[in-house]
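Chemist: any chance you could fold what I've pasted below:
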Amino acid sequence: MTPESAKRLSNWQSLVRAMKSWRTASVSLMSFSSGMPLGLVWIAIPDWMTKIGVDLRVVGLITLAQAPWMFKFLWAPLMDRYVPLQRLGRRRGWIAIAQVALFATTLSLAGVGGHPDTPWVVGALALAVAFAAATQDIALDAYAVDVLRPEEQGVAVGARTAVYRAAMYLAGGFSITLAGMTSWPLVLVLLSVCYLPLIVITWKAPEPEGQLPAPKTVREAVWLPFLGFLSRHRALEILSFVLLYKFADQLAQTLQRSFLVQAGYSDFDRGVALATVGLVGNLIGVFFGGALTTTLGLGRSLWLFGFLQIFSNLGYVLLSVQPGPNRWLMYGAMAFETLASGMGTGAYGVLLLRLTQKRFSATQYALFSSLFGLPRLLSGPITGFLVHAIGWTSFFWFSIFAGIPGMLLLGRFVPWGQREPEFSIEPPKYKDPLSSGQLALRGAIGAIAGLGIGALIRAALRALEGVKDGKPFAPMAELLTFLNPNDLKGWLSLVALTTFAAVCGLFTAAVVAARHGAGAEVETPLEG
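Modeler: The predicted model follows:
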């Protein structure tokens, strides 16, 4: 047997062992309780409220209950700092508390299920479900970082996604069907009961090996996760790579449904493509993409799957030039794109586990996952205006080229053919320390810059939207309207931009502090 074949055998044996691991099984099974709340809040409750005749404006406000998933990084430091149940440890203790809260709030929803005159109570309970679910997600992601061994991470990422999607389907689409045959109170009781065996799994799950000490203060829990990452060599390049690796993929998927509608595909064809072909392709892709990082290595997987997910958009280019609907070409393009996207997501999920430091796993992973979702959030307005300006064919070509910067950044850390990435290449070089006042000043400058840039981008996009309706391009007028909100939507936009500015300020201060030696005592190499 050659050394190379022995190495391959060892890799496959590691993969088999990972599939049999109780650590992998625990992380995967507990993900079921992450998928259920999202399916309930995002899919089932709006459908339920609309069907019983609740005003659409109220239903729209109820959908704001999804907000805790977007802002979960704000309270993640508390979950790094405190250990709520000593017997279960820092991570499993928070997971168990969140699961009990999910059981109680879902059961409470069943109590108002027969009273359609209480939509605001339903909205408040939906918000409580979302907050408990986001809290559980923080702790579960941190637990996965802490407990999984490197050879188990790929399998766990794929299995977690499959279990998560199954639970989301159960609490979302399937619960709507079952409620139509029975009643919402019964369905909600059944969903709440599903949390009970998951609490038992959390209780029996293994505790992570070699636990690192928790931050001593809340200030450390908030500040050190930033410094611990930003003090790494080329930290900003790493963050740019995390932001851009999936950008081409996310750009193409943003208005996927709108493209299929405008291309003339029927409701049946779109439903099969999105809910069956797309879902199956994505699940298979994530599972095998994550698992193959064990045999191929994370570095090779990021290269291979990165190219696949970029060039899979060629299928949409072909669809956009068809003279009419082409069902089988559409199914094939959707299958290839979702499979490649899933494989990229699988490798990307392993990367996030590797980047996260175990001492601050709750806060850092929450920040990384929020950063991952940022391009998806920003690509919506960008896609709409690009398609309006250049058409679908040119847009899909543009989405392919938009993936090149992420691959160029990948080459900075993983040369082609290298098995594993190296994100800590040389020790960082520190400048003289700054005082608290100097850091605060730089943070304020960063916040003001973030506020100005965000406001200008929003004003420009709103002005371009007006141009489509025949109005003159007037970004300054839109900027003044934004700064003086007169309705709920305007106030929510102002709050969102203020939050963005605060994050920019904190990030700026953290980058400057890290460059001047703060956090040098925090472990900087990649762990695990």
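Chemist: where do the strands sit along the stretch 151-300 of the chain?
Modeler: With DSSP state E, counting those that start in this stretch as the criterion, the stretch 151-300 of the chain has no strands.
Chemist: any weak-confidence spans in it?
Modeler: Filtered on pLDDT under 70, the stretch 151-300 of the chain yields the residue ranges 210-212, 228, 231-233.
Chemist: isn't residue 498 right up against residue 450?
Modeler: No: using Cβ atoms under 8 Å, residue 498 is not in contact with residue 450, being 9.7 Å away. Every residue, glycine included, has its C-beta placed from N, CA and C.
Chemist: tell me which of these two has more neighbours.
Modeler: Ranked by neighbour count (other Cβ atoms under 10 Å), residue 498 and residue 450 place residue 450 first, with 22 against 14.
Chemist: tell me how far the more buried one lies from residue 335.
Modeler: 40 Å (Cβ to Cβ, to the nearest Å).
Chemist: same check, this time on residue 73
Modeler: Distance from residue 73 to residue 335, by Cβ to Cβ: 34 Å.
Chemist: what do you get for residue 35?
Modeler: Remark: distance between residue 35 and residue 335 (Cβ to Cβ) = 23 Å.
Chemist: now swap in residue 296 and tell me
Modeler: Distance from residue 296 to residue 335, by Cβ to Cβ: 22 Å.
Chemist: could you do residue 240 as well?
Modeler: Residue 240 is 31 Å from residue 335, by Cβ to Cβ.
Chemist: cool, and residue 130?
Modeler: Applying Cβ to Cβ to residue 130 and residue 335 gives a distance of 32 Å.
Chemist: repeat for residue 63
Modeler: Distance from residue 63 to residue 335, by Cβ to Cβ: 30 Å.
Chemist: which one of those two has more residues nearby?
Modeler: residue 335 (21 against 15).
Chemist: hang on, that one packs against residue 281?
Modeler: Yes: at 4.8 Å, residue 335 and residue 281 qualify as touching, with contact defined as Cβ under 8 Å.
Chemist: just the C-alphas of the helix or strand residue 411 falls within, formatted as CSV.
Modeler: Using DSSP states H and E, the element containing residue 411 is helix 404-413. Listed next in CSV are the C-alpha coordinates belonging to helix 404-413 (Å, rounded to 0.1, in the frame of the first residue of the first chain):
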residue,chain,number,x,y,z
ILE,A,404,-13.8,36.4,-8.7
PRO,A,405,-12.7,38.7,-5.8
GLY,A,406,-13.6,35.9,-3.3
MET,A,407,-11.5,33.4,-5.1
LEU,A,408,-8.6,35.8,-5.4
LEU,A,409,-8.7,36.3,-1.6
LEU,A,410,-8.9,32.6,-1.1
GLY,A,411,-5.5,32.3,-3.0
ARG,A,412,-4.0,34.6,-0.3
PHE,A,413,-4.5,31.9,2.3
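Chemist: would you map the helices across the stretch 351-500 of the chain?
Modeler: Using DSSP state H, counting those that start in this stretch, the helices of the stretch 351-500 of the chain run over 361-401, 404-413, 436-468, 475-483, 488-515.
Chemist: residue 345: which of those helices is closest?
Modeler: helix 361-401 (9.3 Å; Cβ to Cβ).
Chemist: average pLDDT for that closest one?
Modeler: What helix 361-401 shows for mean pLDDT is 74.
Chemist: what's the answer for stretch 24-35, then?
Modeler: Averaged over stretch 24-35, pLDDT sits at 86.
Chemist: same question for stretch 43-50.
Modeler: 79.
Chemist: number the chain from 42, please
Modeler: Got it, the first residue is 42 from now on, which makes the last one we talked about stretch 84-91.
Chemist: contacts for it?
Modeler: Contact with stretch 84-91 is made by 97, 99-100, 103-104, 106, 160, 163, 167, 209, 212-214, 216-217, 220, 225, as judged by Cβ atoms under 8 Å, 6 or more residues apart in numbering.
Chemist: quick one: contacts for the nearest residue to residue 85 once chain neighbours are set aside?
Modeler: Excluding its sequence neighbours, the residue lying closest to residue 85 (Cβ to Cβ, 6 or more residues apart in numbering) is residue 216, at 5.0 Å. Neighbour list for residue 216: 80, 81, 85, 228, 232 [criterion: Cβ under 8 Å, 6+ apart].
Chemist: ok, and the most crowded of the residues you listed?
Modeler: residue 81 (29 neighbours).
Chemist: wait, doesn't that residue sit right on residue 211?
Modeler: No: under the criterion of Cβ under 8 Å, residue 81 makes no contact with residue 211, lying 9.5 Å away.
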